[in-house]
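In: Here's a sequence, model it:
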Amino acid sequence: MAAKSIAVVGPTASGKTRRAVEIAREFKGEIISADSRQVYRNMSIGTGKDIEEYSGINYHLIDIVDAGEKYNLHRFLSDFRTAYSDIESRGIMPVICGGSGMYVENALAGIILPEVPENPQLRTRLENHSLAELSEILASYKILHNTTDIDTPKRAIRAIEIQEYYINHPEECKCISTRTSNPLDCLVIGIDIDRESRRERITARLHSRLEEGMIDEVRKLLDSGIKPEDLIYYGLEYKFVTLYLIGELSYDKMVNDLEIAIHQFAKRQMTWFRGMEKRGIKINWLPYNLSADEFMSSVKALIKAQDQ
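Out: Residues are numbered from 1 along each chain as shown. Here you go, the predicted model:
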């Protein structure tokens with residue numbers, strides 16, 4: 001087999017988990033989640049963990065920190081390297097699955113990041129800026145950083161804080177800008193879904209999650225003592241459901257605004273994946289609606305092509 005590992009990427013609601021499980025089952029592999037929110041315990045419905053889909057397949061980096069904590073790229077890359085090395089040392093194929101493009105790309109590139117401390121002065125200077133203003137500031141930086149999950153001012157300020165640290169510590173962060181790293185030998189498969197089908201699946205999944213008890217899940221997190229602003233920090237489902245539960249949004253507006261936000265998020269994900277390709281990571285796109293047999297045949301053909 002050519003690649004030592006396989007990564008499955010794609011926008012939300014494209015069916016990545018199911019495809020990653022199919023690959024892991026076929027090649028007796030184990031899955032490493034590359035999702036920025038599935039790391040949190042007791043945040044299952046809103047993050048779409050779909051644990052039942054794994055059905056006997058071992059997985060890593062899911063439910064590893066408590067809700068309310070601030071997990072970040074630095075911690076992910078450290079945890080990822082540990083999980084990847086463990087799986088590889090046992091002679092098993094790692095199957096990377098995730099829609100957090102920043103996590104996936106940096107993991108594949110073998111990037112090691114410095115720990116970035118808080119900058120109180122910067123935070124004070126930016127605290128009254130709108131999300132649009134903060135996003136504009138973030139867009140002005142040249143160093144690779146996440147733009148898919150930046151949907152709250154607090155997240156945007158943290159992203160700017162990281163960029164400022166990189167600029168002020170060029171030697172410490174040299175590997176980030178020059179890519180002097182050790183990239184993984186990995187076959188990257190993208191789940192290709194057209195915009196209209198993606199929108200339909202996002203809408204259907206949102207209403208399904210609401211019926212499954214997503215609001216109760218968020219209510220329990222609040223009742224456990226987690227502050228509303230900490231849940232809002234996580235964005236998307238946790239942001240809008242929390243705003244509903246604390247009385248800042250009506251139910252109908254919560255559902256409408258959340259649906260729009262998820263569609264926008266999926267669009268940003270695809271923008272990131274296209275950027276990955278421009279930055280030299282080849283993504284082999286396969287249609288989302290292939291049968292399991294068709295999908296696996298295509299994967300094996302890609303592996304064979306790498307061998308030649």
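
In: By mean pLDDT, which helix or strand of the chain comes out lowest?
Out: helix 174-178 (a mean of 54; mean pLDDT, DSSP states H and E).

In: what about the following helix or strand past that one, average pLDDT?
Out: Using DSSP states H and E, the helix or strand that follows helix 174-178 in sequence is strand 186-192. Strand 186-192 shows a mean pLDDT of 97.

In: For strand 186-192, which strands pair with it and how are they oriented?
Out: Paired neighbours of strand 186-192 in the sheet (DSSP bridges): strand 5-9 (parallel), strand 284-287 (parallel).

In: in stretch 294-301, what counts as buried?
Out: By 16 or more other C-beta atoms under 10 Å, the buried positions in stretch 294-301 come out as 295, 296, 299. Just so you know, the C-beta spots here come from the backbone N, C-alpha and C atoms, and that holds for glycine as well.

In: Spatially nearest residue to the one residue sitting closest to the centre of the chain (excluding sequence neighbours)?
Out: Nearest to the geometric centre of the chain sits residue 100, at 2.1 Å (C-alpha atoms, centre = their mean). Leaving aside its sequence neighbours, residue 100 sits nearest to residue 36 (C-beta to C-beta, 6 or more residues apart in numbering; 4.3 Å).

In: what's around that neighbour, how many residues?
Out: Residue 36: 23 surrounding residues under other C-beta atoms under 10 Å.

In: now do residue 216
Out: 12.

In: A strand includes it, no?
Out: No. Remark: residue 216 does not belong to a strand; assigned using DSSP: H, G, I helix; E, B strand; the rest coil, it is helix.

In: What's the separation between it and residue 210?
Out: According to C-beta to C-beta, to the nearest Å, residue 216 stands 10 Å off from residue 210.

In: helices or strands next to the longest helix seen in the chain in the packing?
Out: Secondary structure of the chain per DSSP state H: the longest helix is helix 251-278. Helix 251-278 is packed against helix 101-109, helix 195-212, helix 236-245, with contacts defined by 3 or more C-beta pairs under 8 Å, 6 or more residues apart in numbering; DSSP states H and E.

In: Tell me which of those lies nearest to residue 14.
Out: helix 195-212 (6.8 Å; C-beta to C-beta).

In: What angle do helix 251-278 and the closest one make with each other?
Out: Relative orientation of helix 195-212 and helix 251-278, computed by axes from the mean of the first three to the mean of the last three C-alpha atoms, to 10 degrees: 130 degrees.

In: least reliable of the helices and strands packed on helix 251-278 going by mean pLDDT?
Out: Mean pLDDT per stretch puts helix 101-109 lowest among the helices and strands packed on helix 251-278, at a mean of 92.

In: which other residues reach stretch 275-285?
Out: 9, 101, 104-105, 108-109, 144, 187-192, 273, 302 (C-beta atoms under 8 Å, 6 or more residues apart in numbering).

In: Go through it and flag the buried ones.
Out: The neighbour-count check on stretch 275-285 (16+ other C-beta under 10 Å) flags 276, 281, 283, 284 as buried.
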